[in-house]
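Asker: Have a look at this fold, sequence not included:
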């Protein structure tokens, strides 16, 4: 079956299915233990009637029916064969509401409890449950709520996770009554009824424009391998698994005044906050590992991040909920910057490397090649393919990354507060991350509510004791030292 389309496989149940694409397969293989399962937490103040279960159930149904991958299941052929998404359309409005109700939970847990239980407890998603929503209120006398949305990484990425949370809040705070929202759900279900194969998203690899001639494909393959050979780095955080994995979450929030100063400084230096984050991470590592004046290690620090491929896709489906990312790396000098000028030079170097990756005409081809490579690797840490000997100038350089960096940018663009405020909803904070493997770590940065947020999700017993804590302190202090 082609990954380009969903096919009707069993007429009696009207089930539609398609094989997972290469990138989906890569994430799916790690998901048995929950590695990569995403969550998004948003805290907000709201009138109680906005968050009543019936209204939330209707709104959650509208989100799920608009993005049916959230309602799908995964089936794996016998003996570890091909994995497929399977979707059985709901029969009517009540069926849709009942399905949403089964994956809607009300709790009285705090933000920390929700996150800790999700990151460290037994896996709560499964091949039969690819999404769920939690609404939590710690104290019924205080109108503050926690919204906690979860889905595995092989179904999507940060972009649809944030967008669907905004859309859910927009539905909840709309001026429509519950009855009117049910009518909207009924209309949407009827509209989708004859169009499911065009609404269900295909694998993104089928929507990327690619070179077609044999000669062009050969050039793309060589370009991909050459790009990998330029991924040079030889600094890793000292891993030491001291106990069973225990994921912890650290966060530092800057005030609106501090954030304005950071943004103004970045602008005056010709870079974005995202560019500067790479310089922050590498400078903090230099100070943590070697001390401010040491420069004996000449190998660069390499970090990786994701590129959102949605702007490069051929239009296909009205649903935005699907996986559509590839990766690139940034390599920076490993010694501590001697001055602010050195720091900003590195931020501009990160900008040039990022721009080169995003604007490359070979980006779609590289994304396809990387997806195929990751899907075929039995071990994600498997050795990369090598160029033929005659095409190489130097022996293979080390290619080890310090950490991954998740950069969501300005989330105030996604969360349009004017749509909620008329109903008395006030957003407080937003956090998104995923379950980590042993020794896993992810650094996150975004702006929200006019404030800069730096966050760290990591296995606190997977590294040499005290090193990550010291590195985190260096990151936060470097903001004040260089960026304000």
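Answerer: Arrived safely, thanks for sending. None of these values were measured; they are calculated from a predicted model.
Asker: Residue 455 - that's part of a strand, no?
Answerer: Yes - counting by DSSP: H, G, I helix; E, B strand; the rest coil, residue 455 is part of a strand.
Asker: What residues does the closest residue in space to it that isn't next to it in sequence make contact with?
Answerer: Closest residue to residue 455 apart from its sequence neighbours, by Cβ to Cβ, 6 or more residues apart in numbering: residue 444 at 4.2 Å. The way it works is simple: take the backbone N, C-alpha and C, and place the C-beta from them, glycine included. Residues in contact with residue 444 (Cβ atoms under 8 Å, 6 or more residues apart in numbering) are 405-408, 432-433, 453-457.
Asker: can you tell me which helix or strand residue 444 belongs to?
Answerer: In the assignment (DSSP states H and E), residue 444 maps to strand 441-448.
Asker: Could you do residue 161 as well?
Answerer: For residue 161, the host element (DSSP H and E) is helix 158-172.
Asker: one step back: for PyMOL, write the select line for the buried members of the contacts of residue 444.
Answerer: Selection of buried members from the contacts of residue 444 for PyMOL, criterion 16 or more other Cβ atoms under 10 Å:
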select buried, resi 405+406+407+408+432+433+453+454+455+456+457
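Asker: Now flag whichever of the contacts of residue 444 is closest to residue 49.
Answerer: Nearest to residue 49 out of those is residue 432 (Cβ to Cβ; 27.3 Å).
Asker: so what's the residue nearest to that closest one when sequence neighbours are not counted up against?
Answerer: Spatial nearest neighbour of residue 432, chain neighbours left out: residue 40 (4.4 Å); criterion: Cβ to Cβ, 6+ apart. Residue 40 makes contacts with 147-150, 161-162, 165, 430-432, as judged by Cβ under 8 Å, 6+ apart.
Asker: same deal with residue 60?
Answerer: Going by Cβ under 8 Å, 6+ apart, the list of residues near residue 60 reads 100, 103-104, 133, 168.
Asker: which stretches of the stretch 51-200 of the chain form strands?
Answerer: 73-76, 83-87, 104-107, 132-136, 144-151 (DSSP state E, counting those that start in this stretch).
Asker: quick one: the residue minimising distance to the centre of the chain from residue 85, how far?
Answerer: Centroid-nearest residue in the chain, with Cα atoms, centre = their mean: residue 158, separated by 3.5 Å. Distance of residue 158 to residue 85, given as Cβ to Cβ, to the nearest Å: 20 Å.
Asker: Would you agree residue 188 is in contact with residue 66?
Answerer: Yes - using Cβ atoms under 8 Å, residue 188 makes contact with residue 66 at a distance of 6.7 Å.
Asker: Can you give me the buried ones in stretch 61-77?
Answerer: Going by neighbour count (16+ other Cβ under 10 Å), the buried part of stretch 61-77 is 61-75.
Asker: ok, those residues vs residue 353, which is closest?
Answerer: residue 69 (32.6 Å).
Asker: Pull the contacting residues for the closest one.
Answerer: Neighbouring residues of residue 69 by Cβ under 8 Å, 6+ apart: 85, 87, 130, 155-156, 200-201, 319, 321-322.
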